[in-house]
Structure formats: C-alpha cells, structure tokens
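A.B. asks: Curious how this folds, go ahead:
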Amino acid sequence: MSLPYNIAPDVGQEIWWIPLVGCFIGYLLIVVVSYLFKTLPDYDLITSLKNSFGSKACMILAVLFLFQPVSLLVSHLNYFGLFINNTLLDGTPHIVVLILLMIIIVYATISGFTTIVTTSTLVGPFVLLLIILTLLAFVRDIEFDKFLPMFQYPYDHYVNSVGFYLIKSVIDNILILFYLYPRHASNFKGTIKGIKIGYLLSVIILALLNFFTINSLGPKLTSMEVFPAFRTMQNSGMLSDAFALKSSLFVIWYFTMFFSLCVYKHVISDVLRSINVKPSKTLQIITGAIIVVVAAYYTANTIEEIEFYRSWSIYISIASFALFFILLLHMKLKNRNIEYGVTNHR
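C.D. replies: Numbering: from 1, shown residues only. Sure, this is the predicted structure:
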C-alpha cells in the first residue's frame, strides 16, 4: 500500500516496473527456500532447530526470529491506525484506534488460525474483483507521456528501489509464510504451489497499481502522499459514480490490512507455542497491550514512522532472513551428511 510512496522519490514515474524486475529474484528466493524447507521434519522450522541445536539454543534462535513479526506488527498496526485516523476517525485519539484494532486482532488470534483463513477465503474473491474493477476504471485515463522519460536516474536509485521492494514485499512475506503456513497445511506441495501463484498474482497487481498511481497522481504527489494507492483508487471515475462500490472499497481495504495484522500476531503466538510458551488468553492480552503501547509511542509522528519503516525495519528483515536462510542451509547439509553416512554404512 505504501510502496509507491517509498520508492517514488528514487525512481519517479518508473515505479511501475520495479516489481516486475524484482519478481524474478523474488521467485528464485521462494524456489530456493521451498527446496531447503522440504528437508525439515514435518516442515516445522522450530522443531528442526530443537533437533539440530538443542532446546536452549532453539529458544534463543526463536526469540531472535520473533523480532521480525513483532517489528512488522508494530509498524503496520501504527500505519493502519494512522490510515483510519486520516480516512474515517479523524477526531479519535490514535491510541484509542490502536486499542480497538488490537482487541479484534487478539480475539481473532484466540479463535485460531482456521478462523482467519476461512474468513480470508470467503472475502478474498471480493477483494480481487474490486481491485480488477478499480484498475479497469483507470484504463480510459491512461496517459503514456507521464511515464517518460525512462532510465534517467542514477543506477544506484534503481538498485535501492528493487532492493526495497524485495525486502519489504518479498522477504518479509517469505519469512511469515514459512514460519506459519507449512505447519498448518495438509499438503506441502500444494501450499508451495499456492504461494508461488499468489506471489506472481500479487506482483502483477502491484505493478498495475503502481502504474495507475503514477498515471493518476504523478511522481511528485506520489512521493508526498503517505497513502498513495488508496488515494489513487479513490480517484477512479467509476468509484466516484458508484457510492456503494466506493464504500465497499473502504471495507475491503480495512479487511486486507487487518488480515495481515492477524497473521503477524498469529505467527508470534505460533513461535511462542513452539518453544513451549503457551500463548494463553492472558498472555495474548498482555502481549497485545505491550504492542499497542510500543506502536503508539515508538515514533512521534507519521514521518518518523516512515523513516523507521525505511531503516530499522529493513535491517531487522535482512538480519532475520540471513539467519533463517543460514539455518535452513545448515540443516539441509546436516541431513544430507546423515543420509550419506547411512548410505555408506549400508
């Protein structure tokens, strides 16, 4: 949702092709991680860490892994709260909005992951349909001159933009998906296939959304608007003419962000559960309250929140993925050596 805002200052009107270029690297990462993940018992990262390094080392590693979903939950909860403050509840204190959001998130987490998945499955097709209808509404207003000239920025600007896309749109989601989904899926191959298809579909949608954002707002306004994708969809002529469709845009947009927050919260509970820390209702409420306080006060304003997202959040994601990948590779090589030793013994 904020990707155009974050990369437009570097590449201007060329933001639309950044996801397409990053797509190939991102898909390769998914393939490699999927291959390494196949070697884990029951496709469970934490269980594999226990078997490889022991319970104490596993607990330390699990705590390190918690930094990534916690940082995402804090940052996205604050961003979601700011979004609601700016679009719906203008006079409501920010912390009150965060508390209301966290109450629902904690309730959804306590209800179980199946409830979250079932709800998203039911609403998902409507989200996709709304996005398609909205993008189609922009086709008649395309002005290709707005996307020229191309390749006018320094080389490092493009590298930074592709890198930012890979970290925040690919690596973060890879970590969340592989912490969570394989253990909750009955068919690992089917799950990986679904992840790949979903990834390619999201790349196409993101590229088109960036394309129409530039077409609608222009590079200057895109780099200044904190919620550029939403503002772009609001500018759709079709949505302006259809009040019901425009109202549903708010509902779907809220649900999309809310679902991601529920997933982050559930990942935290899942990692805790894996190291024998039972995420009871009391613990869920306590962790939710701590996250609300941190989200409300770790930055003083929207600008500082964006700067955190562009700096510390990126460092945490890179460190988490590096640790995740190294451990997967280590366990893959260890299992291979065991298999090789068994073969030679025979």
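A.B. asks: now the chain, which segments are flagged as low pLDDT?
C.D. replies: Counting by pLDDT under 70, the ranges of the chain that qualify are 1-2, 39-45, 134-135, 137-138, 180-188, 229-230, 232-253, 300-302, 335-346.
A.B. asks: Which residue would you name as the spatial centre of it?
C.D. replies: Computing the C-alpha centroid of the chain and ranking residues by Cα atoms, centre = their mean puts N173 first, at 4.8 Å.
A.B. asks: Need the nearest residue in space to it, chain neighbours excluded.
C.D. replies: Y199 (7.8 Å; Cβ to Cβ, 6 or more residues apart in numbering). The C-beta positions use only the backbone N, C-alpha and C, and glycine is treated the same way.
A.B. asks: I116 now?
C.D. replies: I116's closest residue in space is C262 (Cβ to Cβ, 6+ apart), at 5.1 Å.
A.B. asks: Check which residues of the top helix by length along the chain are buried.
C.D. replies: In the chain, assigned by DSSP state H, the helix with the most residues is helix 188-224. Within helix 188-224, the residues that qualify as buried by neighbour count (16 or more other Cβ atoms under 10 Å) are 188, 191-192, 195, 199, 202-203, 206-217, 219, 222-223.
A.B. asks: Same question for stretch 79-91.
C.D. replies: Of the residues in stretch 79-91, Y79, F80, G81, L82, F83, I84, N85 count as buried by neighbour count, 16+ other Cβ under 10 Å.
A.B. asks: Over to stretch 287-296?
C.D. replies: Residues of stretch 287-296 classed as buried: T287, G288, I291, V292, V294, A295, A296 (neighbour count, 16+ other Cβ under 10 Å).
A.B. asks: is it true that the fifth one touches V74?
C.D. replies: I take that to be V294. Yes. Taking Cβ atoms under 8 Å as the contact criterion, V294 and V74 are neighbours in contact, 5.3 Å apart.
A.B. asks: now A57: how far from V63?
C.D. replies: Summarising the geometry, the distance separating A57 from V63, computed by Cβ to Cβ, to the nearest Å, is 11 Å.
A.B. asks: now swap in F83 and tell me
C.D. replies: Note on F83: its distance to V63, by Cβ to Cβ, is 30 Å.
A.B. asks: just K189 next, same as before
C.D. replies: Shown here: K189 relative to V63, a distance of 31 Å by Cβ to Cβ.
A.B. asks: Then I142?
C.D. replies: Per Cβ to Cβ, I142 is found 49 Å from V63.
A.B. asks: what do you get for N210?
C.D. replies: N210 sits 36 Å away from V63 when distances are taken as Cβ to Cβ.
A.B. asks: mind listing the helices for the stretch 151-300 of the chain?
C.D. replies: When assigned using DSSP state H, counting those that start in this stretch, the helices of the stretch 151-300 of the chain occupy the ranges 155-165, 172-184, 188-224, 228-234, 237-241, 243-274, 281-297.
A.B. asks: now the ones you listed as JSON lines including distance to Y309?
C.D. replies: Listed next are the helices of the stretch 151-300 of the chain as JSON lines, based on distance: least, Cβ to Cβ, whole Å:
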{"stretch": "helix 155-165", "distance to Y309": "10"}
{"stretch": "helix 172-184", "distance to Y309": "11"}
{"stretch": "helix 188-224", "distance to Y309": "15"}
{"stretch": "helix 228-234", "distance to Y309": "14"}
{"stretch": "helix 237-241", "distance to Y309": "28"}
{"stretch": "helix 243-274", "distance to Y309": "14"}
{"stretch": "helix 281-297", "distance to Y309": "12"}
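A.B. asks: Out of those helices, which is closest to W312?
C.D. replies: Shortest distance between W312 and those, using Cβ to Cβ, is found for helix 281-297: 12.7 Å.
A.B. asks: who's in contact with F325?
C.D. replies: Residues counted as contacts of F325 (Cβ atoms under 8 Å, 6 or more residues apart in numbering) are V33, L36.
A.B. asks: export stretch 16-26 as CSV, just CAs?
C.D. replies: Included here for stretch 16-26 are C-alpha records, laid out as CSV according to Å, rounded to 0.1, in the frame of the first residue of the first chain:
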residue,chain,number,x,y,z
TRP,A,16,5.6,0.6,-12.1
TRP,A,17,8.3,-1.7,-13.5
ILE,A,18,10.2,-2.2,-10.2
PRO,A,19,8.0,-5.1,-9.0
LEU,A,20,8.4,-6.8,-12.5
VAL,A,21,12.2,-6.7,-12.3
GLY,A,22,12.2,-7.8,-8.6
CYS,A,23,9.7,-10.5,-9.5
PHE,A,24,12.4,-12.8,-10.9
ILE,A,25,14.7,-12.5,-7.9
GLY,A,26,11.8,-12.9,-5.5
